[in-house]
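Student: Just to be clear, the model below is a prediction. Sequence and coordinates:
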Amino acid sequence: MKTLRELVPAIHTLICRASPRSFKAGGLVWAALLAALLAVGVTPARAGVSTNVDFELDGNAVNSGAAGDDWDNVLGCSGGTCGSTATGGDTIHVGPIAEPHLRFTQGTKDEERIDQWRWDLHGTPDKSTITDIYAARYSNNILYFGADRLANNGDAQLGFWFFRNAVSPNADGTFSGSHAVGDLLVLVNFLKGGSVNNIQVFKWVGENNGNNDDTTVPAPGAGNSSVQLLVSQSNTTLLVCDPLDIACAITNGGSVVAPWPYTPKSGPSGFLPKLRFFEGGVDLNALNLGNECFASFAGETRSSQSITAELKDIILHAFQPCNAAISVTKQCTAAVVPGGTSVNVTFNGQVCNTGTDDLGSVLLTDDKGGVTTPPSGTLAIGACSNYSGSYTSPSLVNSDTVTASATGVNSHTNVSAQASAGCTAVASPSCSVNKNCATHLVLDNSKLTVQVNFDGQVCNTGNVALSNVALSNDQLGVTSPPPSTLAVGACEPYSGSYFPTSLGGSSGTASDTVTVTADGALNSGSKSCTATQSCNLCPLQ
Ligand SMILES: [Ca+2]
Ligand SMILES: [Ca+2]
C-alpha cells in the first residue's frame, strides 16, 4: 500500500483536471479521492508540474503541511523579510525582486528583438503594476515562477521571460543582451475575475519562425513569429494546467498572506487580496529545454493575452549564473632514459570547473602529445579531475603546453585554458679508463730494444651514451683504439706499445698516460678521463 505522501501527487492531478465545482469542493474531493485511491492501491504518477511534490502550486505563498516547498521557505522569508534562511529543496531561487521596476515604452512587444525593446518611467495602470517577481528551479528541471501586482481592478495579463543570455536595462532606455534560441516565455492570463484563465508557453526561435536567414520559408502552419507556441490551455478554474501537466499557473481566489513586504492599493499591508498573487511552473524537460541555463528572468504585464500585445511593466533580474569556466595546472619531470640516448618527460596536473555551469566534452591535449590518462569528460561545478601523460624528447631541456577545453552544459559556451611547464633532465657524461703495461725486449731494426706494451679498458660510467670516443697515449703507440661510441655501462678494450726513450727512477721506469675524450649524448658536454702507469724497465716486468 502506498503512503499518503506518495498518493498526494495523483490526487492533486485529479483535482487539477477536475471540473471547477470539484476543484472548489476542496477537502471533500480530496477525502473522497484519497479513500478511493487507498482502496485500490493506485500508484501515482510523479511527473508533471501540478503533481510535483517539490512545490505547492496552490495559489498562496506560504509553505503548508502539504508536500513541497512554497515561496516563503524557498525565499527564506520570516517576519515579513526574506533572504535570511532559505530551506527549499530548489537548486536556485531568486526573489522577491521589486527593482529595477521599469515601464515598457509604448509599442514594445514580446515578439521583438531585445535591441528593439525600449523602457521609460511613465505611469502604468495600477492593475498592470507588477510589484514583485520570484523564481525557483528544481533539480528535476521544473521551473516555478511567480509575481504579485498592485491592484486587481481588471484582467491580469502577465508574462514571464527566462532568457538564456544576460539581459539588463541600459540607462538610455534600451536593453542590453540578446535573445537566444530556447528563451522561454510563459503568458498567464486570469480574466473576468479569474473565471476565464489560460496559460501559453512560447520558445524564442528567432525571426521568420526560426528561419532567420530570411530566405527559408517557414514550415506550413509555423507562422512567421519569432516565438513558437509550445503549450496552450484555457480553463475556468483558478488553476490552469495543460492536459500533459507541462505548464500550470494559478492565482489566489481570496486574500492570502504576503511573506514579503507588500502593500496593496487598498486593504491592509501584509496581505495579497484576491487576484494579486500569481504562481506557475513549467516542466523544462517536457519542452526539451532541460539543458538550458537562464541567466536572466523578467516578469511583465501586458495589454492583452495576445502574443502581439503591447507590454506594460517589467521587473528584470539575473536568475541563474550561467558562466562556464575552466582552469588547468601542469607540472612535469624529465629523466634520461636508461639507454642514455633520449629523455622521458612525464607530466600531470588537474583540470577544474571554476565556473557556475556544469562542463561537458572536457578534453585535454598536449602540444607534445602523450596524454595517457585524460581528465573526466564531465565536471560538475567546482569539481576537478587529474590527468597525466608522457612523451619522449631528444633534448635535456623541455617545455610543453596543455590545453583543456570544455563546453558549458547549460550555457553552451566553449571555454578553454592553457598551462605550460618546463623541466630539465640531469645528464652525467662520465668515463673511466684503466691501464696495464708490460716491458719486453724486442729486436728492432737489428737492435735489442725495450718495448712497453699497454692495454686496458675504457668504460662509460655516466647515464648518457658517449660518442667521438678517442684514446691517446702521451708516448703514442696506440694500435687498437676503443670504438668511437660507448653505450651506457659498456666497456671496450684498447691496446698499443711504444719504445721508451728515457729512464725514470732508480730502477728505471717507463711511464705513460692514456687520455680518453668523449662527447656525451643529448648535448650533455665533453668528458675526459686518464690513466697513468709506470712499468719498471729493470728488471723487465
Ligand atoms: Ca504556492
Ligand atoms: Ca509544504
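Tutor: That came in fine, so what should we check first? Please read these numbers as outputs of a predicted model, since none were measured by experiment. Ligands and ions are numbered 1, 2, ... in the order given.

Student: could you measure the residue of the stretch 1-150 of the chain found nearest ligand 2 against Asn152, distance?
Tutor: Residue of the stretch 1-150 of the chain nearest ligand 2, by CB to the ion: Asn63 (4.5 Å). Where C-beta positions appear, they are placed from N, C-alpha and C, glycine not excepted. Here Asn63 is placed at a distance of 24 Å from Asn152 (CB to CB, to the nearest Å).

Student: hang on, the earlier thing: wait, the residue of the stretch 1-150 of the chain closest to ligand 2 sits on Glu56?
Tutor: Yes. Contact criterion CB atoms under 8 Å: Asn63 and Glu56 qualify, at 6.8 Å.

Student: Quickly list what's touching both of those two.
Tutor: Taking CB atoms under 8 Å, 6 or more residues apart in numbering as the contact rule, Asn63 and Glu56 both touch 69-70.

Student: For the chain, which strand extends over the most residues?
Tutor: If you go by DSSP state E, the chain has its longest strand at strand 447-460.

Student: can you pull the alpha-carbon coordinates of the helix or strand following that strand into PDB?
Tutor: Where DSSP states H and E defines the elements, the next helix or strand beyond strand 447-460 is strand 466-473. C-alpha atoms of strand 466-473 as PDB (Å, rounded to 0.1, in the frame of the first residue of the first chain):
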ATOM      1  CA  LEU A 466      79.200   8.500 -25.400                       C
ATOM      2  CA  SER A 467      80.300   9.300 -28.900                       C
ATOM      3  CA  ASN A 468      83.500  10.600 -30.500                       C
ATOM      4  CA  VAL A 469      85.400   8.400 -28.100                       C
ATOM      5  CA  ALA A 470      89.100   8.900 -28.700                       C
ATOM      6  CA  LEU A 471      92.000   7.500 -26.700                       C
ATOM      7  CA  SER A 472      95.600   8.800 -26.900                       C
ATOM      8  CA  ASN A 473      98.800   7.900 -25.200                       C
END
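
Student: need the contact list for the residue in the stretch 301-450 of the chain that ligand 2 sits nearest to.
Tutor: Closest approach between the stretch 301-450 of the chain and ligand 2, counting by CB to the ion: Phe319, at 23.1 Å. Neighbour list for Phe319: 92, 94, 135, 162, 294-297 [criterion: CB under 8 Å, 6+ apart].

Student: More neighbours: Asn63 and Asn152, which one.
Tutor: Under the criterion of other CB atoms under 10 Å, the comparison of Asn63 against Asn152 puts Asn152 first, with 23 against 19.

Student: tally of neighbours for Gln157?
Tutor: Using other CB under 10 Å, the number of residues around Gln157 comes to 22.

Student: Could you list which residues are in contact with the residue nearest in space to the middle of the chain?
Tutor: Nearest to the geometric centre of the chain sits Leu359, at 2.6 Å (CA atoms, centre = their mean). By CB under 8 Å, 6+ apart, the contact list for Leu359 reads 324, 326, 353, 378-380, 406-409, 415.

Student: who does it bridge with?
Tutor: Per DSSP bridges, the residues bridged to Leu359 are Leu379, Gly408.

Student: Need the pLDDT of it.
Tutor: pLDDT for Leu359: 93.

Student: what's the spacing between it and Val409?
Tutor: From Leu359 to Val409 the distance is 7 Å (CB to CB).

Student: what does Ser78 give?
Tutor: Distance, Ser78 to Val409, using CB to CB: 34 Å.

Student: Which one's more surrounded, those two?
Tutor: Higher neighbour count among Ser78 and Val409: Val409, with 21 against 13, using other CB under 10 Å.

Student: Tell me who's in contact with that one.
Tutor: Val409 is in contact with 291, 293, 357-360, 378, counting by CB under 8 Å, 6+ apart.

Student: between those residues, which has the most around it?
Tutor: In terms of neighbours by other CB under 10 Å, the contacts of Val409 top out with Leu359 at 30 neighbours.

Student: For stretch 125-141, measure first residue to last.
Tutor: Stretch 125-141 has an end-to-end distance of 35 Å (CA to CA, to the nearest Å).

Student: Show me which residues of it are buried.
Tutor: For stretch 125-141, the neighbour count (16 or more other CB atoms under 10 Å) marks 127-138, 141 as buried.

Student: what's Thr131 sitting at in phi/psi?
Tutor: The phi/psi pair for Thr131 (degrees, to the nearest 10) reads phi -110, psi -30.

Student: Could you shift the numbering so residue one becomes 9, and keep it that way?
Tutor: Yep, numbering from 9; the last one is Thr139 now.

Student: Could I get the contacting residues of it?
Tutor: Taking CB under 8 Å, 6+ apart, we find Thr139 in contact with 106, 155-158, 270.
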